[in-house]
Structures are given as structure tokens and as C-alpha cells.
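Asks: no sequence for this one, just the structure:
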């Protein structure tokens, strides 16, 4: 007998109700066994750290407004102390940018260089000397005179003129043995290496076709703006075109097929010039694009990714090579690279390159200046009551100061020093800024007292508070005197969206000054006491050392380049310490002892005594992605 429908529905309803009760009971028991969830507190809750990144736009990188005064860039570079290499490069660029440069072909340039070399006497048909006489008399006299009497500059010029090919003496000797000038002419056209550099050459011609055995051709330091690839020998393997006027590369696809090296450093390449690099021969394995004006790294990497054999790239000296993500992005986009900027790429470098970077890291960087330590500064005398003494470092960086650039953009003045307008009640007299017993530089010092170490601090000068001199100068934090003075790290940190200015900073000579200051703070006048009897606030300063640092372009694999200076060197120029790290050097006031377990040759293995003379260790670098 079948159950009525209403009874079946009631039974099903009861079953569902019991199941739900069982489920609720199971979940309740399960919750009882689970540990309680900890309450979030201010100490346990972790907030996601946000990266504070200054806003960057394309116009902020290298943009100059249309209403800027004429000659803005020239005024920016006025007064910049460039390194010797940069001075030479700028001189050559100025010459190559002149209008109406006389046309000089390869054949004419080669002939002019031969006439200045030792080959000329052996090739001259009109010479009254035989080849044997030239070999036994004239050539030894020329070589001896260069070796014994020439200056270093003269020797460099002599070697440059006579570097037409390898083993010039061997070519001459073979012609002398045959007593035939035609042998020398024939052998010279069969050489595999030819250098016609620094000859003011403007173009190639068919005369180059006569040197069909060439494997290496060096044409650097000329005024070449375009390369006629049709006259290049088919077997050419290496072509050097450094320091010319090349701004476009239409000849890339017409290069000899066996070319493995192409040098284009110190030319006029920009972002729009590099797309043609993708058409270079597939055999290109080494490419030098250093010291051009390429600002967009993505553009050049897109072109170079089409070269399957590229294993070595020189790119330092371009504005984009000082960006924070330069090395990481380059190694990620060109995974076959084994050498980047003369540094071997190791496995850890490639692992770091596996992470994506922020696009702004290719358009900016942070310039870091670090004072590692200052030692041997004379202890200053105890100041008067109410005066505060301190030491700090001033760093002069004219190319990185955006205020200075804006200042020069709209003004036609020669000086960067302005004076604030005086207040309504007038400025206080200069004497109110001077602490009498220390700052009178004109007073006569007793002969016996003048030998005291602290006499140097007797020549403090008041600082004119009306002057605005912060267009080019950055200051470190201030520290008290100690036998070893340490500053914060980095001591100066500057955000740089202008990569060209940052690149040029590392081509210049930076000025550092170690400053001692004595500051009198303002005091509130007490009731019944005249305010005129109180000393007004003011600062006095003394420059203990002025140091010049000739920077070199930064190395992506090194955090900084370190410098050493001390006043026993007899010069204001700092000494570059190579690839060494001055921060690992250890100093002690005790007797010098080698550290246990290390040999005396290991860096930092020996604690050094604190020097008695003023000594400074500092470094410059760019903050890159790790």
C-alpha cells in the first residue's frame, strides 16, 4: 500500500530538517576545535610599503621651453670643469660641427699621413738617398731622437703618425733587402690592418678598393658623416668609426657580410638613428655605441634584438645608460650578451635581469654621494657660550640643479649669485655676525701662538645671509668633531630625471669642500635687558679643504667609484682608488695588528692607524636596481 502524498512530503521535510541540524552541529564542533583567529592590532598588521616616486613626464627629461633665452645650453655649460678626455672630445666635436668643412677623401688623407710618417722617405722617388742609406742613417736618427729627446706628447704624436699598419719597420726592411721601392708599395697595399685616423677625412673613395686584404680598418677621429659601403673590402672583419659625424646609419645593410666588429662611439647618434642597426650583418658579434646621445633604451634594444650573433655591447656614456634599470633591462632583452660595457656578464647578473622593472626606472636615476669617512681634522677650540660648531661637506654639482637651469633659462646674467632685497628696518651690520675672538682674520697673531694646531680656526669668515648661492651647491648633514667623522649614507641623494645632465656630470670634475662652521643662535631678550646688547644669529665658516674629483662614467656592476685625498699629497686633486672599496678599510687608535685568519694582502685584513694629516674617503655612484 502506497503512502499518501502528504505523508511522503512530511517525511521528506523531517529528513531535510535533521540533515541541516547535523550540518550545523558538525560545523559548530569543528569551530570549537579550530584555534581562535588573532585580532589584528596596530603592531601585527603589516601595511604594504608604497614606493614614493617623483612624477616623471617626457617633457621633464630633456625639454627646453621655446621661450628660453638664446644660448641656454651654452650658459648651462659655462664654468664647467670637464675631464681631460671630455675636453678633447668636445674640441673634436666643435671642429666637426663647423660649416663648410673642406672635402678630404680617403686617398688624400692617407697620402697626407704617409708624408708625415717614416714611410715617406722610403716611398719618395725623388729622394737623393738610397734605401740602404735611409735604413742605416736617417731612420735610426729619427727613432733615437723620438726616444731620447721628445716629450711624452711628442712620443704620442709620433706613434700615432706611424701607426698606419702593424710592423711598419718590417715592411721597410723587406723593401731595403730587395733595394726596391716598388716592393714597399706593393706590400703596403697587401696589409691586413690599416689606420687612417685623426686626418680630417670627410668621405671614402675608390682608393680604398686597392686594399682588398684588409681585415681591420680604423678611421676614428675624422669628419665622416656617411660611409660608402661599396668601397669597403669584402673580407673586412673590423671597422672602427669612433669620433666622427655619423648621425644616421643607412649604410648598415650594405656592410661587408663577414664584419664582426663595428665601432660607432662618440658620434651623433640619437633615438631616431638606431633603427637601422637591425639591418647590420648577422655576423656582428661586438658593437660599440658608447658615448652617443641615445636617451631611449627600448628603441635601441628593439633593434639589437635582431642581431643573433651579438655577444658584446658597449653602451656606456649614453644618457639612458645611467638610468636605474639600464643593466637589468639590457640583460633581460639581450639574453645572449656575454659582455656589457667591458664587464663580463655572470650568472647572477642574468638572474637579476629576470624581474620586470618600472618604466620610470628607464627615465630617471638617483645620484648618490657618500662621505665614507674624514680623519685627521684638527680639533677646534672650545667655542663661546651659545655658539654651535660643526663640520659638513659641500658638493658643487652645477649640471644637476634644476633651480640653476631654470634661472639661466630666463635670465641674461653672468653670475649665479643674487642678493635678497633688504628688509624695511635694514640689515644688521656685518660686525654683528662676528665672534670677535675667533673671526678677526686681520688681527696679529703672536709668533709662539701661531704654531698651535688650532690657529687655522682663527680665520673664520662671516657668511652673507643676503646671498643666494644654492644654485649649484648641495650640503651634507652636519657632524661634530671626532677622530673619525662619519656622515649619513648616502650623504647627498639627488633625484635626476634629466639623464643627459646626469651623464655629463660623470664627465666633469666635481668640487668638494670640507667646511667648519660656528653658528650663534638667536636668544630671546630678558625683561629689562636691551635687545641691542644681544648677538644676532649668524654663521661663520672656514674651508678646511677644497678637493677636485675627475669623475669617470659609472660602472653598472659597481655601486660607486671611490676617491682618496689627503693634504700630504701636495695637490687638491683626489686620487681615484681604482676598483677598490675604501669602506672596507679599518682604522684603529691601538697598535696596528693583522686580523686573525687573514693574510696581510687581503683587503681590510690590517687595521690601519688613524692618519695624522687631514684625510678624506668618499664615493660617487648611481642607485641601480639590484
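Replies: Good, I have the coordinates. Note that the structure is predicted; figures quoted are calculated from it, not measured. Numbering: from 1, shown residues only.
Asks: my read is residue 174 is in a helix, agree?
Replies: Yes. Using DSSP: H, G, I helix; E, B strand; the rest coil, the secondary structure at residue 174 is a helix.
Asks: so it touches residue 184, yeah?
Replies: Yes. Proximity of residue 174 to residue 184 meets the contact threshold set by Cβ atoms under 8 Å, at 7.5 Å. For the C-beta atoms, the positions are set from N, CA and C on the backbone; glycine is no exception.
Asks: Show me which of those two is the more surrounded one.
Replies: Neighbours were counted for residue 174 and for residue 184 using other Cβ atoms under 10 Å; residue 184 has more, 20 against 14.
Asks: secondary structure element for that one?
Replies: Element membership for residue 184, per DSSP states H and E: helix 181-188.
Asks: Quick check: buried residues in that helix?
Replies: Within helix 181-188, the residues that qualify as buried by neighbour count (16 or more other Cβ atoms under 10 Å) are 181, 183-184, 187-188.
Asks: In CSV: those, plus distance to residue 148.
Replies: Putting the buried residues of helix 181-188 into CSV (distance: Cβ to Cβ, whole Å) gives the following:
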residue, distance to residue 148
181, 29
183, 31
184, 27
187, 30
188, 28
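Asks: Under the pLDDT cut-off, which ranges of the stretch 401-550 of the chain? List them.
Replies: Within the stretch 401-550 of the chain, the segments meeting pLDDT under 70 span 402-405, 407, 409-454, 465-471, 522-537.
Asks: same thing but 90
Replies: 401-474, 495-498, 501, 519-539 (pLDDT under 90).
Asks: unless I'm mixing things up, residue 622 is touching residue 322, no?
Replies: Yes. Residue 622 lies in contact with residue 322 (Cβ under 8 Å); the separation is 5.6 Å.
Asks: Neighbour count for those two, which is higher?
Replies: residue 322 (26 against 23).
Asks: Spit out the contact partners of that one.
Replies: Shown in contact with residue 322 (Cβ atoms under 8 Å, 6 or more residues apart in numbering): 365, 496, 499, 502-503, 506, 554, 622.
Asks: Now list the buried members of these.
Replies: Here, 16+ other Cβ under 10 Å leaves 365, 496, 499, 502-503, 506, 554, 622 buried among these.
Asks: out of those, which are inside helices?
Replies: 499, 502-503 (DSSP state H).
Asks: Need the buried ones among the contacts of residue 322 in a markdown table (columns: distance to residue 110).
Replies: Shown next, in a markdown table, are these (distance: Cβ to Cβ, whole Å):
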| residue | distance to residue 110 |
| --- | --- |
| 365 | 44 |
| 496 | 45 |
| 499 | 39 |
| 502 | 40 |
| 503 | 35 |
| 506 | 36 |
| 554 | 38 |
| 622 | 42 |
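Asks: Tell me if I am right that residue 620 is in a strand.
Replies: Yes. Under three-state DSSP, residue 620 sits within a strand.
Asks: how about the nearest residue to residue 590, chain neighbours excluded?
Replies: residue 607 (7.8 Å; Cβ to Cβ, 6 or more residues apart in numbering).
Asks: ok but that neighbour is inside a strand, no?
Replies: Yes. Judged by three-state DSSP, residue 607 forms part of a strand.
Asks: Tell me, how many residues neighbour it?
Replies: Residue 607 has 17 nearby residues by other Cβ under 10 Å.
Asks: unless I'm mixing things up, it is touching residue 584, no?
Replies: No. Applying Cβ under 8 Å as the test, residue 607 and residue 584 come out as separate, 11.5 Å apart.
Asks: of the ones in helices among the buried ones among the contacts of residue 322, closest to residue 393?
Replies: The closest of those to residue 393 turns out to be residue 502 (Cβ to Cβ; 20.1 Å).
Asks: Need the residues that contact the helix holding residue 184.
Replies: By Cβ under 8 Å, 6+ apart, helix 181-188 touches 119, 122-123, 125, 131, 165, 171-172, 174-175.
Asks: Report the buried members of these.
Replies: 119, 122-123, 131, 165, 171-172, 175.
Asks: Tell me the one among those residues nearest to residue 616.
Replies: Checking those one by one against residue 616 (Cβ to Cβ), the nearest turns out to be residue 165, at 47.7 Å.
Asks: where's the residue nearest to residue 317 when sequence neighbours are not counted, which helix or strand?
Replies: Spatially, and ignoring its direct neighbours in sequence, residue 317 is nearest to residue 291 (3.4 Å; Cβ to Cβ, 6+ apart). Counting by DSSP H and E, there is no helix or strand that carries residue 291.
Asks: okay but residue 291 is in contact with residue 89, surely?
Replies: Yes. Counting by Cβ under 8 Å, residue 291 does reach residue 89; the two are 7.4 Å apart.
Asks: so what's in contact with those two at the same time?
Replies: residue 266.
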